[in-house]
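A.B. asks: Build the 3D model from these lines:
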Amino acid sequence: MKLSKVLLKTNVLLVGAITVLLAYGVFHKFTSTQSLVLGEQATPTPVALTSDDFADFSISVSRHWFLIDAPESVTDNDLSITTTLSKEQESWLADVKAVNPVTYKLIDTRSQDIVREGTLQKMLSGDYRTTVPASILPVGQYVLVVSVNYGEVEYARATDNIYVSYPLYISWTLDWEGYDVKDEYLSEISAISEKYNVPVTHFFNPRIYVNNDISVERAEYLTQWVSDRYENGDAIGLHMHMFPDMVSAAGVTPIEDPIQWGSTLTDGYDILTSQYGYEDMRKMFSWSKDEFAAHGLPTPILYRAGGWFADEVTLKAASDSGMLVDSSGRTAYNFGNNKVSGPWDLDTTMQPYHPSVEDQNIQGSVNLPIWEFPNNGADSWAFTKEQMIKRFTDNYQTKVLSEKKIVTYLSHPEWFSHDDERVRGLFDSISTYSFENDGGPVVFVTLDDAYSIWQND
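C.D. replies: Prediction:
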């Protein structure tokens, strides 16, 4: 069934047996095809009413945005409709012995199809209410029309738009580089997480346990800080740079004359991970997991390589070492002062996939078990707020999404004074589309939550 015209503004009154007239702020009458009188009684003669008599019945909805395949963290995902009539309006309905006098229709604003209709039940409070599960609605943009049926006349009102979309997930990740982190930076990270209700995925670096510049007490303090965050909903993964002290601690002989991307840091921070072979990487993954366990951290299943320098061999070693997710993938880049070309060449809109054993940038016929969740949102050290927002809009082109998506951002705790303002500006922008705030389909998640969502799809 279709209605030929729909006005999408609040307090618009819709008219006609099958045609909705474009009128703003005025009630119109619908011709009813069914009697609303009980049993075989004769239809009472309605009081002569004008359009103004039902101009003030109220409509409220629980929210305007709803998600398909919502994560478990989303609980408020049903459309609750409430209508309230005045005592005088109720008396008029009683005069005509109206049965089910308040009804609703959800109309697709594009096709004008009625996708759902029903009756609002009268509650003990006197309100009329019903609930529509979002799970039964297709993706789309709808107008909600609520009608009060008085005798053979139907008075209708339209609400603001209702949106049904797949989620747009946002993950914020921190790459711990193996150095100490100032307490003020930790406080800034916590403040941002709390302000925007954004959980953090920590790619934690066990190099702090062999770094002679960090005391045992300080290393344990940093570990406890991350552990406390984990207990409150953050995630912990693994991040490694090829520092010779860490490589040696893992039982691997450091490469002599290694290729370096070129950094002001001269301690091996910029040695390419991809220079190390499969067996050496297996040893480093094993050592890292042992260090996590020895310091009370959960076994990592998430991994990101230092400088994003993970090739197919690195990814296979990670996968065979129990890593379920890699997040080293990114757009093409030449890195550092030496402009070393990285192994990745992904689009900004690339979504999670299983990398091919022959080409990590695609999903092929033979793929690794590990998931690639690309760092498609860029990083807050090298990219401006505007550039990172552009990555968001690259992935959010339409009002409602026909499939789930994720955008992953990266920051560094050690140098967070540089990142702080950019990250706040980014989340100021993104949070306007937050599902929690009824502004859009955005849901903030950790990467281990995202893994569960994609893995269980």
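A.B. asks: Pull out the buried residues from stretch 58-78.
C.D. replies: Within stretch 58-78, the residues that qualify as buried are 59, 61, 63, 64, 65, 66, 67, 68, 70, 71, 77, counting by 16 or more other Cβ atoms under 10 Å. Where C-beta positions appear, they are placed from N, C-alpha and C, glycine not excepted.
A.B. asks: That should have said stretch 247-263, apologies.
C.D. replies: When neighbours are counted by 16+ other Cβ under 10 Å, the buried residues of stretch 247-263 are found to be 247, 249, 250, 252, 254, 255, 260, 261, 263.
A.B. asks: how far out from the middle of the chain is it?
C.D. replies: Stretch 247-263 has its average C-alpha position 38 Å from the chain's average C-alpha position, going by Cα atoms, centre = their mean, to the nearest Å.
A.B. asks: pretty sure residue 114 contacts residue 104?
C.D. replies: No: with contact defined as Cβ atoms under 8 Å, residue 114 does not reach residue 104; the gap is 10.1 Å.
A.B. asks: okay, those two: which has more neighbours?
C.D. replies: Here residue 114 and residue 104 are set side by side on neighbour count (other Cβ atoms under 10 Å), and the busier one is residue 104, at 22 against 15.
A.B. asks: Just give me the neighbour total for the nearest residue to the more buried one once chain neighbours are set aside.
C.D. replies: If the residues on either side of it in the chain are set aside, residue 104 comes closest to residue 146, at 5.0 Å by Cβ to Cβ, 6 or more residues apart in numbering. In terms of burial, residue 146 registers 24 neighbours under the definition other Cβ under 10 Å.
A.B. asks: Run through the bridge partners of residue 146.
C.D. replies: Beta-bridge pairing of residue 146 under DSSP bridges involves residue 104, residue 157.
A.B. asks: Hmm, it is touching residue 102, no?
C.D. replies: Yes: in terms of Cβ under 8 Å, residue 146 counts as a neighbour of residue 102; the distance is 6.7 Å.
A.B. asks: what touches both of those two?
C.D. replies: Taking Cβ atoms under 8 Å, 6 or more residues apart in numbering as the contact criterion, the common neighbours of residue 146 and residue 102 are 83, 120.
A.B. asks: Buried residues in stretch 190-201, which are they?
C.D. replies: Buried residues in stretch 190-201, counted by 16+ other Cβ under 10 Å: 192, 193, 196, 198, 199, 200, 201.
A.B. asks: Now the two most distant members of those residues.
C.D. replies: 196 and 201 (14.7 Å; Cβ to Cβ).
A.B. asks: Would you map the strands across the stretch 201-350 of the chain?
C.D. replies: For the stretch 201-350 of the chain, strands defined by DSSP state E, counting those that start in this stretch occupy the ranges 235-240, 302-305, 325-326, 334-335, 340-341.
A.B. asks: Same question for the stretch 51-200 of the chain.
C.D. replies: Per DSSP E, counting those that start in this stretch, the stretch 51-200 of the chain has strands spanning 58-61, 65-67, 78-84, 102-108, 114-119, 121-122, 128-133, 140-150, 153-165, 168-175, 200-204. These are given in chain order.
A.B. asks: Could you chop this protein up by domain?
C.D. replies: Listed domain ranges for the chain are 29-165, 168-455 (source: automatic domain parsing).
A.B. asks: looking at those domains, which is buried most?
C.D. replies: Burial among the domains of the chain, expressed as mean neighbours by mean count of other Cβ atoms under 10 Å, is greatest for domain 168-455, which shows a mean of 19.
A.B. asks: And that domain, end to end?
C.D. replies: End-to-end distance of domain 168-455 (Cα to Cα, to the nearest Å): 16 Å.
A.B. asks: any idea how far residue 130 lies from residue 371?
C.D. replies: 41 Å (Cβ to Cβ, to the nearest Å).
A.B. asks: now do residue 438
C.D. replies: 31 Å.
A.B. asks: Kindly report the same for residue 345.
C.D. replies: Distance of residue 345 to residue 371, given as Cβ to Cβ: 18 Å.
A.B. asks: swap in residue 241?
C.D. replies: Summarising the geometry, the distance separating residue 241 from residue 371, computed by Cβ to Cβ, is 22 Å.
A.B. asks: again with residue 272
C.D. replies: The spacing between residue 272 and residue 371, counted by Cβ to Cβ, is 23 Å.
A.B. asks: ditto for residue 56
C.D. replies: Distance from residue 56 to residue 371, counting by Cβ to Cβ: 54 Å.
A.B. asks: Assign a three-state SS to the nearest residue to residue 348 once chain neighbours are set aside, would you?
C.D. replies: Computed as Cβ to Cβ, 6+ apart, the closest residue to residue 348 that is not its neighbour in sequence is residue 394, at 4.6 Å. For residue 394, the assignment made with DSSP: H, G, I helix; E, B strand; the rest coil gives helix.
A.B. asks: so residue 394 touches residue 349, yeah?
C.D. replies: Yes: counting by Cβ under 8 Å, residue 394 touches residue 349, with 5.4 Å between them.
A.B. asks: need the helices for this structure, in chain order.
C.D. replies: Shown for the chain, the helices assigned by DSSP state H span residues 87-95, 183-196, 216-231, 244-249, 278-294, 312-320, 385-395, 416-430, 447-455.
A.B. asks: Any idea which of those helices has the lowest pLDDT on average?
C.D. replies: Within the helices of the chain, the stretch with the lowest mean pLDDT is helix 87-95, showing a mean of 85.
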